[in-house]
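Chemist: What follows is a predicted structure for the sequence shown.
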Protein chains: 2
Amino acid sequence: MSWKFDVSCAFNEQAAKYYLERLEGKSPLFVCTIATTETAKIPGISAAGKYPEFTDYTPPADAELLLLGRCKCIDGVPVTPEGIPTPALITLSALRLADIPVLVVCGGLKVAPNIPYMYLGGKPGRDIRGGHAVEEVEEVIARAELAGRHLAKTAGYLVIGESVPGGTTTALGVLLAMGFQAEGKVSSSMPMNPHALKVATVKAALAAAGHACGSLCADPVKAIACVGDPMMPAFAGLAIGAASEVPVLMAGGTQMSAVLAIIKALRPEIMQNLAIATTRWVVNDHHSDIVGLVRQVHDIPILAADLDFSFSAYEGLRAYEQGVVKEGVGAGGATVAAMVKTRGKITKERLLAEIEKNYRALVEQR
Amino acid sequence: MSWKFDVSCAFNEQAAKYYLERLEGKSPLFVCTIATTETAKIPGISAAGKYPEFTDYTPPADAELLLLGRCKCIDGVPVTPEGIPTPALITLSALRLADIPVLVVCGGLKVAPNIPYMYLGGKPGRDIRGGHAVEEVEEVIARAELAGRHLAKTAGYLVIGESVPGGTTTALGVLLAMGFQAEGKVSSSMPMNPHALKVATVKAALAAAGHACGSLCADPVKAIACVGDPMMPAFAGLAIGAASEVPVLMAGGTQMSAVLAIIKALRPEIMQNLAIATTRWVVNDHHSDIVGLVRQVHDIPILAADLDFSFSAYEGLRAYEQGVVKEGVGAGGATVAAMVKTRGKITKERLLAEIEKNYRALVEQR
């Protein structure tokens, strides 16, 4: 049920209303943080690639799609094992319709994209089951914060999205390490959410790192280093740097609760400049609980783009209504930003038409 | 003799006046393109480092200074053999006073800076005497153009500067390869300009590349690849991408004529969105001829910041009046942008006071 433009509110309605008003008509900058982790290659964890090695290519391919309108490091576009296309298609369509500029930021990648991107010194993430998942966490946070401070001067607000296959498992890792009740609550890009596998993976990771659930509640840097992924320090640092000056839309699903926990532990005073923007598919998902997660961390607003692909002409898009993909590459936040920037001139119908046009060009007619 | 704010005009006064009016009060983004070339290590070519290997550290150190307010990859700040500090001190002071955001873009570096920077796929440059100076020229131009198009949406205009030791020699290389009368006209960071050495170096480079003066007049990509440096494709691409949407201030000395020649050969239709902004020291230099160079390429405006260090309390700054350093790291353009953004509230006196404050903190009191 939409609430303003084609945006609804999932949590904190009063604050959300005020937050949206602050953004209205302003020109945002969309920042896409991309990273890879070996954790994504654990069988059954991620749908982001048909084969485990594909997960190395998904984030750079998503980033290429956003900037070039096509991928270079792979043929076609990233798809799930069933052939459902990447949510970067939604992001691309929203950003182009609303003429919103994009900056790609590398948190740590195995395969570099063939586009301009910002580098922060990060390396690709290891399998969290080793207990030493991410290197250079503090340095990447510091550099990202510096970048965020400068980027905040170039835009009315920042929309920060992410692409990191396996990211809900590492989010669960950080949430449990920091003491939140997160079991069974993180989302999945697959219709059947492999909660038990994710929990077992994180428990193994914490054991390997020599930590218990909650033992890192005051040490988000160590939580990332042990059981997180390289998207997190880049995203958190950018948000910290930018939110000290302008509003920030954290564009993502349940992973955003982990990033929010990191940010709050590092810089609690910037909470009023943060909101989460995601999709209706995440908010309505019965196999995860974004509100239940965010509520535990801090009561920032959760906005949801009322995307509805039920009546799309394309099966690959209608599949989103069956709970496939749901979110990613900041699709929900980019949609909200496009609608708010144009004060509702971009409706969900107009956006779907654009998505279908790009779908045709990129997926169907290859 | 100042002309508006503390800015004077060295070429094309009518167009310059109109150009400045277009910039007034707008918020710019300062982009610093950094690169290294082995050419800088030819004895006698460059003053950017005390020892040849220091030239590998000058651009990353300059970039760190701009973003962090101090260098990390070296102790102190880059200095000439006589101890005169880098013009990045001027740039830093101007940008901070006027609250102008900075983005560092890597054209190709031997030593990476410890800050966030944009990567375009470029590699450090080789000694031009080998005739194969720069790799991936087309790809870097394409990526930089894409970045420039997006960055143009984040600012009223772009100010693009450079730091590349040895850059006037590679500029001479490209200018001669493209058929311009450039002998004896490029500037130097040293008071005595080693013109004969630069010309001999370029002639050797062209011979090694199998080209004659002027034979690459229509092929700027090959001119860079043979006898240029990796700053050039990054700078030219950024300017091309941005200037199709917003004004661009090319912040630099005589090297800008080479970049302008490259841009004009690739995209002649954007000339009206380009101007050069440099320092009084370059414009008044008797050992080089920026107007004589730019006039041959295209009659875009040349603005000059009326920086005057004659009465500075510090010998290291007064030395600038003896013809040392003169320009670099976009010092002149950053100064013009700071003055124009604040509609003259930042005067040359106020800027000098800020430069002296930063000089004290960084150079004197180490």
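Modeler: Good, I have the coordinates.
Chemist: which bits of the stretch 101-250 of chain A sit near chain B?
Modeler: Among all residues of the stretch 101-250 of chain A, those adjacent to chain B (criterion: C-beta under 8 Å from any C-beta of the partner chain) are A:101-103, A:105, A:114-121, A:139, A:143-144, A:146-147, A:150-155. In short, each C-beta sits where N, CA and C put it, glycine included.
Chemist: Restricted to helices, list those residues.
Modeler: With DSSP state H as the criterion, helices contain A:139, A:143-144, A:146-147, A:150-151 from among these.
Chemist: What is the burial count for the closest residue to chain B within the stretch 251-366 of chain A?
Modeler: With C-beta to the nearest C-beta as the measure, residue A:341 is the residue of the stretch 251-366 of chain A nearest to chain B, at 11.5 Å. When neighbours are counted by other C-beta atoms under 10 Å in any protein chain shown, residue A:341 registers 25.
Chemist: what's the pLDDT at it?
Modeler: As predicted, residue A:341 sits at a pLDDT of 97.
Chemist: thought it was touching residue A:30?
Modeler: No - assessed by C-beta atoms under 8 Å, residue A:341 is found out of contact with residue A:30, at 10.5 Å.
Chemist: And residue A:275, its phi and psi?
Modeler: In this entry, residue A:275 is assigned phi and psi values of phi -140, psi 160 (degrees, to the nearest 10).
Chemist: from what I can see it touches residue A:303, true?
Modeler: Yes - Residue A:275 is within contact range of residue A:303, at 6.2 Å (criterion: C-beta under 8 Å).
Chemist: Can you pull the residues that touch both of the two?
Modeler: Both residue A:275 and residue A:303 are in contact with A:16, A:19, A:249, where contact means C-beta atoms under 8 Å, 6 or more residues apart in numbering or on different chains.
Chemist: Export those to a markdown table and append columns for secondary structure.
Modeler: Written out in a markdown table, the entries for the shared contacts of residue A:275 and residue A:303 read as follows (DSSP: H, G, I helix; E, B strand; the rest coil):
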| residue | secondary structure |
| --- | --- |
| A:16 | helix |
| A:19 | helix |
| A:249 | strand |
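Chemist: so can I have a markdown table of those residues showing neighbour count?
Modeler: Conversion of these to a markdown table gives the following (neighbours: other C-beta atoms under 10 Å in any protein chain shown):
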| residue | neighbour count |
| --- | --- |
| A:16 | 24 |
| A:19 | 23 |
| A:249 | 31 |
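Chemist: nearest to chain B, of the residues you listed?
Modeler: residue A:249 (16.1 Å).
Chemist: mind listing what that closest one touches?
Modeler: Residue A:249 sits in contact with A:23, A:28, A:157-160, A:275-277, A:303, A:333, A:336-337, where contact means C-beta under 8 Å, 6+ apart.
Chemist: Out of those, which sit inside helices?
Modeler: The helices, defined by DSSP H, take in A:23, A:333, A:336-337 from the contacts of residue A:249.
Chemist: Quickly name whichever of those residues is closest to residue A:110.
Modeler: Using C-beta to C-beta, the shortest approach to residue A:110 within those belongs to residue A:333, at 25.4 Å.
Chemist: State the helix or strand in which residue A:288 lies.
Modeler: Assigned by DSSP states H and E, residue A:288 falls within no helix or strand.
Chemist: From residue A:128, how far off is it?
Modeler: From residue A:288 over to residue A:128 the distance is 19 Å, taken as C-beta to C-beta, to the nearest Å.
Chemist: how about the nearest residue to residue A:120, chain neighbours excluded?
Modeler: Counting by C-beta to C-beta, 6 or more residues apart in numbering or on different chains, residue A:143 is the residue found nearest to residue A:120 once chain neighbours are left out, at 4.4 Å.
Chemist: Was I right to think that neighbour contacts residue A:121?
Modeler: Yes - taking contact to mean C-beta under 8 Å, the distance of 6.0 Å between residue A:143 and residue A:121 places them in contact.
Chemist: Those two: which has the busier surroundings?
Modeler: Legend: neighbour count by other C-beta under 10 Å for residue A:143 and residue A:121, higher for residue A:143 (29 against 22).
Chemist: Identify the residues contacting that one.
Modeler: For residue A:143, the residues meeting the contact criterion (C-beta under 8 Å, 6+ apart) are A:120-121, A:237, B:114-116.
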